[in-house]
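Visitor: when you get a sec, could you give me coordinates for this:
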Amino acid sequence: MFLKPFKVKSNNQLKGTDRKKLSEDVASRFPTLSETDILSLLPKKESITVMKILTHNGEICKLYCTARIPMFFQMDSPDFVLFPTIFTLWQFPNLLYTFTTHRSVTTKLSSGASLMLPGVILDGPPTLRSYGRLQKHTPVSVNTDDNKAPVAVGITSHSSEDMYMSAGRGKCADILHVIGDGLCQLGKPPVRPELGPPGDEGSTNTEAHDEEPESTTIPTPESAASIERLTEALDISESAEASSDTAHESPEKAEVASAPSEELTLDPVEEMDSLLEYSFLKACKKMKKSDLPILSSNFFKNHLIPACPPDKSLDMKKSSYKKISVFLAKMKSMKVIDTTIIKGVESIVYIQTENPLLKKLVINEESEEASERPPNAPVVAECFKITADVTPILSKYGYEKGQVMKRPEIRKCFLDYVKKENLQDGRILKLNPQLAQIFKTKENVETLPLDDGINKFVGRMTHTHEITVGGVSFLHVGKLEPIDITVTTRSNNKKVTLVNNLEQFGIKLDEFSKECQGIGASATITDVPGKKTPSVLVQGNQVIYVYKLLTENYRINKNYIRGLEFAPKKRK
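Guide: Okay, here's the model as predicted:
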């Protein structure tokens, strides 16, 4: 129901009378909750908002949030009861009758599937009361056999008697809300807690719900139309379990977990997930800040796949995620990366290098790759010089005009300033007079998206590049012209390849020309009309060879190379 994007029609803070009415509705709907329990869900000191949203299939739903975390939802109709979200059920897992399923089924539920009867784990042989005493369309929750913290909320597809009579075939429940859907993307909700496997207390919960009144059923003749089946979702349950397991492991175990091990007897899907996560973290650790932002498709093709250990093969379709977008969503929820979507295209814009997963990662192939890197390979880092416009803010953090800063340092100082001045409202930045003067915004502009505010702040600084060669660093102020590769024709219609702007990256022309001679073509240094610096001239169309030489030997980012379109076309 919330898997596809929904539109927010309104978002208002509840007043005193509305808060009181909501508390009464919760107490009436869930009589097992005490006044103290309700206060823990709806604290008096926290802001409670009601959000009216329009789902993808055109239905209007009310969503009640505490401190921006969704706690209850209800279709905008008096016939529909109040549903708890999984975040409410993590605090009180016995609010609804609960079905237990296998952990691997969670991914299918997150992809839009219904809970099927073969996937329900029963306590012993099936009996008439194995599925409780439920009417059709009764609200239920779903947990897993390894953790009783619910992962989904839905309504029964049939009555308990019909489920028993179906001999374990067919639907058990239609899922309305599942871990990783759109509700889980609002604000910064917590990750799934580890409450332990369902135990004997589940039977008590079952008996409590066996006597549930009929008022909890939902008279929805079009309920099938209300439940959408979607394909893209997020499963953050495994991330919470993985992080909690890693936190309790010994250093020896954590070191083993940092890379896929053949000694572990894993399920093929789990093994592929482990390989995918290892390759992803390895690629992130090796990414340069100058490589960002990068399209997720290019990151997968040019960084994640090459980061896979040479003795293993990475196949996204054999993992539980199936799609790179689903996997990146999980990594974003674990605060490893930050992504953005512009015109339907996803890009990675930031990598949190201080994330514990990246810090604990042990790269087994590091020594081999380090030996391949030549000592004269230049390293280009994007920097920004402090100007008079931004000095009043950055001076509070010990920086002075003219100093050079990296983007993460600027971002950290800016966010700290925004926090101290209380200017942040979710992803919205409220402009105070100082920021309005720096951004030079119009008088009627009072707010900006937070990311736009950071970009505008950085834009008021002087763009600079720090180039390090052999341990020696130098700054290049302004735009960094890329290495220019062109193909032209000389006497006798012979083609030659010209490479310009090499010295700007600290590459010595004589050394580069000698390396170009490795393919049997002569290479010389020449002055080209219209060019400010000398160029390296290589006989023949050697664009592909020069491109590989720059990217593989000198580790030049492809964003700083221009002219690959002049490479000879492949014959069909």
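Visitor: where does pLDDT dip in the stretch 251-400 of the chain?
Guide: Residue ranges of the stretch 251-400 of the chain with pLDDT under 70: 251-266, 364-377.
Visitor: pLDDT weak spots in the chain?
Guide: For the chain, the stretches with pLDDT under 70 are 77-79, 187-190, 199-266, 364-377, 470-472, 518-520, 570-572.
Visitor: how far is the longest helix anywhere in it from where the chain is centred?
Guide: Using DSSP state H, we find that the single longest helix of the chain is helix 268-286. Helix 268-286 sits 15 Å away from the centroid of its parent chain (Cα atoms, centre = their mean, to the nearest Å).
Visitor: what pairs with whichever helix or strand comes after it, parallel or antiparallel?
Guide: Next in sequence after helix 268-286, counting helices and strands by DSSP states H and E, comes strand 294-295. For strand 294-295, the pairing partners within the sheet under DSSP bridges are strand 345-351 (antiparallel).
Visitor: where do the helices sit along the stretch 201-350 of the chain?
Guide: 201-210, 223-226, 237-248, 251-257, 268-286, 296-299, 305-307, 324-333 (DSSP state H, counting those that start in this stretch).
Visitor: now do the longest one against strand 345-351, angle only.
Guide: Between helix 268-286 and strand 345-351, the angle comes out at 60 degrees (axes from the mean of the first three to the mean of the last three Cα atoms, to 10 degrees).
Visitor: give the contact list for Y399.
Guide: For Y399, the contact set (Cβ atoms under 8 Å, 6 or more residues apart in numbering) comprises I386, T391, M405, C413. Just so you know, the C-beta spots here come from the backbone N, C-alpha and C atoms, and that holds for glycine as well.
Visitor: count of residues packed around F327?
Guide: F327: 23 surrounding residues under other Cβ atoms under 10 Å.
Visitor: ok, now which ones touch the nearest residue to V528 once chain neighbours are set aside?
Guide: Computed as Cβ to Cβ, 6 or more residues apart in numbering, the closest residue to V528 that is not its neighbour in sequence is S535, at 4.9 Å. By Cβ under 8 Å, 6+ apart, the contact set of S535 is L498, V499, N500, I525, T526, D527, V528.
Visitor: for the fifth one, list each beta-bridge partner.
Guide: Beta bridges link T526 to S535, judged by DSSP bridges.
Visitor: which residue packs closest to the residue most central in space within the chain, ignoring adjacent ones?
Guide: Centrality entry for the chain: nearest residue to the mean C-alpha point is K332, 2.2 Å, by Cα atoms, centre = their mean. Distances taken as Cβ to Cβ, 6+ apart place T339 nearest to K332, at 5.5 Å, with adjacent residues excluded.
Visitor: I'd like the distance between that neighbour and D273.
Guide: The span separating T339 from D273 equals 19 Å under the rule Cβ to Cβ, to the nearest Å.
Visitor: again with V26
Guide: Using Cβ to Cβ, V26 is found at 38 Å from D273.
Visitor: equivalent analysis for L292, please.
Guide: 25 Å.
Visitor: what number of residues lie near M116?
Guide: Using other Cβ under 10 Å, M116 is surrounded by 17 other residues.
Visitor: what's the answer for the one 10 residues further on, then?
Guide: For P126, the count of nearby residues is 14 (other Cβ under 10 Å).
Visitor: residue contacts, it?
Guide: Contacts of P126 (Cβ under 8 Å, 6+ apart): Y164, G168.
Visitor: on the three-state scheme, it is what?
Guide: Following DSSP: H, G, I helix; E, B strand; the rest coil, the label given to P126 is coil.
Visitor: give me the distance between it and L117.
Guide: Per Cβ to Cβ, P126 is found 9 Å from L117.
Visitor: which neighbours do these two have in common?
Guide: By Cβ under 8 Å, 6+ apart, P126 and L117 have these common neighbours: G168.
Visitor: run through the helices of the stretch 351-500 of the chain in chain order.
Guide: Taking DSSP H, counting those that start in this stretch to define them, one finds helices in the stretch 351-500 of the chain at 356-360, 366-372, 391-394, 407-420, 433-439, 450-459.
Visitor: contacting residues around M287?
Guide: Applying Cβ under 8 Å, 6+ apart to M287 gives the contacts I294, H303, I351.
Visitor: same check, this time on D18
Guide: Shown in contact with D18 (Cβ under 8 Å, 6+ apart): V50.
Visitor: what strand or helix carries it?
Guide: helix 16-29.
Visitor: after that helix comes which helix or strand?
Guide: Counting by DSSP H and E, the next helix or strand C-terminal to helix 16-29 is helix 35-41.
Visitor: buried ones in that next one?
Guide: Residues of helix 35-41 classed as buried: D37, I38, L41 (neighbour count, 16 or more other Cβ atoms under 10 Å).
Visitor: isn't T106 right up against I179?
Guide: Yes - using Cβ atoms under 8 Å, T106 is in contact with I179, at 7.0 Å.
Visitor: please say which of these two ends up with more neighbours.
Guide: Higher neighbour count among T106 and I179: I179, with 28 against 24, using other Cβ under 10 Å.
Visitor: please report the distance of the more buried one from S333.
Guide: I179 sits 10 Å away from S333, going by Cβ to Cβ.
Visitor: repeat for C413
Guide: 26 Å.
Visitor: how about T387?
Guide: Separation of T387 from S333 (Cβ to Cβ): 36 Å.
Visitor: between those two, who's got more neighbours?
Guide: S333 (20 against 14).
Visitor: so the more buried one makes contact with V191?
Guide: Yes - with contacts counted by Cβ under 8 Å, S333 reaches V191, the gap being 7.5 Å.
Visitor: before we move on, which element is K136 in?
Guide: Using DSSP H and E, K136 falls outside every helix and strand.
Visitor: wait, I meant D510
Guide: In this structure, D510 sits in helix 509-516 according to DSSP H and E.
Visitor: give me the number of residues near the residue nearest to K332?
Guide: Neighbours of T339 (other Cβ under 10 Å): 17.
Visitor: what is it paired to in the beta sheet?
Guide: Counting by DSSP bridges, T339 is bridged to I348.
Visitor: next one: phi and psi at T524?
Guide: Here is the backbone geometry of T524 (degrees, to the nearest 10): phi -130, psi 170.
Visitor: who are the contact partners of the closest residue to it other than its chain neighbours?
Guide: Spatially, and ignoring its direct neighbours in sequence, T524 is nearest to L537 (5.2 Å; Cβ to Cβ, 6+ apart). L537 makes contact with V496, T497, L498, A523, T524, I525, T526, according to Cβ under 8 Å, 6+ apart.
Visitor: contacts only, for E503.
Guide: E503 sits next to L509, T533, P534 when contact means Cβ under 8 Å, 6+ apart.
Visitor: now these: which count as buried?
Guide: Among the contacts of E503, those scoring as buried are L509 (criterion: 16+ other Cβ under 10 Å).
Visitor: closest one of the contacts of S535 to K396?
Guide: Lowest distance from K396 to the contacts of S535 (Cβ to Cβ) belongs to N500, with 43.3 Å.
Visitor: how close does A27 sit to I86?
Guide: A27 is 21 Å from I86, by Cβ to Cβ.
Visitor: I'd say L423 and P433 touch.
Guide: No - the criterion here is Cβ under 8 Å, and L423 misses it with P433 at 11.4 Å.
Visitor: and those two? Which one has more around it.
Guide: The neighbour count for L423 versus P433, taken as other Cβ under 10 Å, is higher for L423 (18 against 7).
Visitor: excluding its backbone neighbours, what's nearest that one?
Guide: The shortest distance from L423 to any non-neighbouring residue, by Cβ to Cβ, 6+ apart, is to K430 (4.6 Å).
Visitor: can you count the residues close to H137?
Guide: Around H137 there are 22 other residues, counting by other Cβ under 10 Å.
Visitor: ok, it touching S159?
Guide: No - using Cβ under 8 Å, H137 is not in contact with S159; the gap is 9.2 Å.
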